[in-house]
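In: how would this look folded up:
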Amino acid sequence: MRKSGFGCKKVLIWVLSGMCCLIPGTVLCRGAGAGSVSASSSATITSDSIKEKEGQIAQKRKEKENLKDGLSDLKEIKKSLEAQKENLKNYVAALDSSLEEIEARIAELKRQIDVKEEEIRQTEAELEAAREREENQRVSMGVHIRLVYETGTPSLVDMLLRSESFGNFLNKIDYVEKMAAYDRQLWQDYREAREYVQLCKDELELEKEILDETRESVEIEQRNLEELIEQKRSDIISYETDIRNKESAIREYEQEIQAQEEEIRMLESAVAEERKKLLAESRKPPSYDGGKFKFPLASYTRVSDDYGNRIHPTLGVEQFHNGVDFAAPKGTAIYAAYDGQVVAASYSATMGNYVMIDHGDGLYTIYMHASALYVKSGDTVGKGTTIAAVGSTGRSTGNHLHFSVRLNGSYVSPWGYLSQ
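Out: As a prediction, this is how the structure comes out:
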């Protein structure tokens, strides 16, 4: 049977939240009892927090829209490279520059993937908390509705007849108004909790879409990279094997090797000058202790070209090969063969991205054609330090490491230093 009236009960216990409101003749106790949930448990969900979440979603939609805009325009890159083909050196340098930009883009996309995966984990946790909040609000609403049904709502006449004084009557009216306001707030809290849950769902779905599209962008850029590398390989071979270019190609190659030699000698001269300064200051320069080198690759397929005189694979003339070529997949880690100081970490049209390390006593190692460099000039590295990654930059037609050793200004066989 439905109960009504305030006079029949001096104490009304309203189990809803953590605030007590004392009204003459009546106690409104909003306490967090068993099975009850505080209406203030959704205090963190406000119209402002909803607007903030809507703003975050709008920002992520822009992020998704802008994702494709950042992809490399392969057609435009090829078009710009076409004008460089008459000069192989300029063409190789321009193409390598494009490859470097794509590599940087891939690295940035992979970083974004890591960030997005973390954002998804955070949004999933936030969604779980929002769902719990929504459930709490639903339970709170159920408790409230049940108690209102059981106690009833007194009429004005009822309250007037049962009031001890007019002041007591006004207090009861104020109480009813407060309860009505509380009802509205409870409903508003529930609606906001539900809305926030939906926003979290929308955000999570959008983040997963962005993650998928970012992964797809990485695949697209990888294909662009591979297509450009293949075009470079094909164009170099075509240029060098074309009988009409044969003489000029050989001449250009010899000039590039000479330029490479001059660049290396200049670096060695700079190191020699630095050693003189150290000796003048009675400081001992670095010294090679005679130990065996670490193999410079994390893994390799085969020796694609050994040290010594050989027939150039495309020019068809005998040339001295000043190092050992180790065929290896792109991105394979390149290690410092021994302790030393980096004297160069740079780019040249012949060597591509390369690292040169001084080990002391006139001994140097050089690592060519890298896709990425992880050290800079002046760095001190230990034996086995990762200094670069295998690539095909410079005058190269496939992914490999060209590993050279120089002693007192001349190239020597790396096999005399490597522990195989």
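
In: Roughly how far does Ala129 sit from Gly142?
Out: 21 Å (C-beta to C-beta, to the nearest Å). Any C-beta I mention is one placed from the backbone N, CA and C, and that applies to glycine too.

In: For beta bridges, what are the partners of Pro341?
Out: Slight slip there: residue 341 is Gln, not Pro. Per DSSP bridges, residues listed as beta-bridge partners of Gln341: Asp358, Thr380.

In: What residues does Thr350 make contact with?
Out: For Thr350, the contact set (C-beta atoms under 8 Å, 6 or more residues apart in numbering) comprises 256-257, 259-260, 394-395.

In: Emit the PyMOL select command for whichever of the residues you listed are buried.
Out: Burial among the contacts of Thr350 is assessed by 16 or more other C-beta atoms under 10 Å; the matching PyMOL selection reads:
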select buried, resi 256+260+394+395
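
In: Determine whether the claim that Thr393 is in a helix is correct.
Out: No - counting by DSSP: H, G, I helix; E, B strand; the rest coil, Thr393 is not part of a helix but coil.

In: pLDDT at it, what is it?
Out: At Thr393, the pLDDT value in this model is 93.

In: Just give the closest residue to it, not the sequence neighbours.
Out: Leaving aside its sequence neighbours, Thr393 sits nearest to Gly352 (C-beta to C-beta, 6 or more residues apart in numbering; 2.9 Å).

In: hmm, back to that, dump the contacts of Thr350 into CSV; add distance to Arg302 as well.
Out: Listed next are the contacts of Thr350 as CSV, based on distance: C-beta to C-beta, whole Å:
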residue, distance to Arg302
Glu256, 25
Ile257, 24
Ala259, 29
Gln260, 24
Gly394, 20
Arg395, 20
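
In: Burial check on the residue nearest to Thr393, number of neighbours?
Out: A count of nearby residues for Gly352, using other C-beta atoms under 10 Å, gives 23.

In: That one contacts Val390, correct?
Out: No - if you go by C-beta atoms under 8 Å, Gly352 and Val390 don't touch, sitting 10.9 Å apart.

In: which neighbours do the two share?
Out: Shared contacts of Gly352 and Val390, counting by C-beta under 8 Å, 6+ apart, come down to 369-370.

In: which residues does the residue nearest to Thr393 contact?
Out: Contacts of Gly352 by C-beta under 8 Å, 6+ apart are 96, 368-370, 391-396.

In: Of all pairs in these, which one is the farthest apart?
Out: Farthest pair in the contacts of Gly352 (C-beta to C-beta) is Ala370 and Arg395. Separation: 13.7 Å.

In: one step back: any of the contacts of Gly352 buried? List them.
Out: 96, 368-370, 391-396.

In: In CSV: those residues, plus distance to Val343.
Out: Listed next are those as CSV, based on distance: C-beta to C-beta, whole Å:
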residue, distance to Val343
Asp96, 22
Met368, 14
His369, 18
Ala370, 16
Gly391, 21
Ser392, 24
Thr393, 19
Gly394, 18
Arg395, 22
Ser396, 22
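
In: Now the residue nearest to Thr393, what are its backbone angles?
Out: Dihedral angles of Gly352 (phi, psi; degrees, to the nearest 10) stand at phi 70, psi -150.

In: That one bridge partners, please.
Out: Bridge pairing for Gly352 (DSSP bridges) gives the partners Ser348.

In: and it, how far is that from Gly391?
Out: Distance, Gly352 to Gly391, using C-beta to C-beta: 7 Å.

In: what touches both of the two?
Out: Taking C-beta under 8 Å, 6+ apart as the contact rule, Gly352 and Gly391 both touch 369-370.

In: Would you map the strands across the stretch 301-420 of the chain?
Out: Listed in chain order, the strands of the stretch 301-420 of the chain (DSSP state E, counting those that start in this stretch) span residues 302-305, 308-311, 318-321, 324-327, 333-335, 340-348, 352-360, 363-370, 372-373, 380-381, 386-389, 400-407, 410-412.

In: give the contact list for Ala388.
Out: Going by C-beta under 8 Å, 6+ apart, Ala388 touches 334, 345, 353, 355, 367, 370-375.

In: Put together TSV for those, with distance to Arg223 on each row.
Out: As requested, these are exported to TSV (distance: C-beta to C-beta, whole Å):
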residue	distance to Arg223
Ile334	24
Ala345	29
Asn353	22
Val355	28
Tyr367	27
Ala370	21
Ser371	16
Ala372	19
Leu373	24
Tyr374	25
Val375	29
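
In: Quick check: the farthest pair among these?
Out: Within the contacts of Ala388, two members stand farthest from each other by C-beta to C-beta: Ser371 and Val375, at 14.3 Å.

In: So between these two, which is more surrounded?
Out: Comparing Ser371 with Val375 by other C-beta under 10 Å, the one with more neighbours is Ser371, at 23 against 18.

In: how much space between the more buried one and Leu297?
Out: From Ser371 to Leu297 the distance is 13 Å (C-beta to C-beta).

In: which residues do the two both contact?
Out: Val390.

In: Now for Ile357, how many residues are close by?
Out: Ile357 has 25 neighbouring residues, counting by other C-beta under 10 Å.

In: Thr380 is in contact with that one, correct?
Out: No - using C-beta under 8 Å, Ile357 makes no contact with Thr380, being 9.8 Å away.

In: shared neighbours, these two?
Out: Joint contacts of Ile357 and Thr380 (C-beta under 8 Å, 6+ apart) are 340-342.

In: okay, these in TSV with neighbour count, distance to Leu279 and pLDDT next?
Out: Listed next are the shared contacts of Ile357 and Thr380 as TSV, based on neighbours: other C-beta atoms under 10 Å; distance: C-beta to C-beta, whole Å; pLDDT from 0 to 100:
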residue	neighbour count	distance to Leu279	pLDDT
Gly340	23	18	94
Gln341	18	16	93
Val342	20	21	95
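
In: Cool, thanks, signing off.
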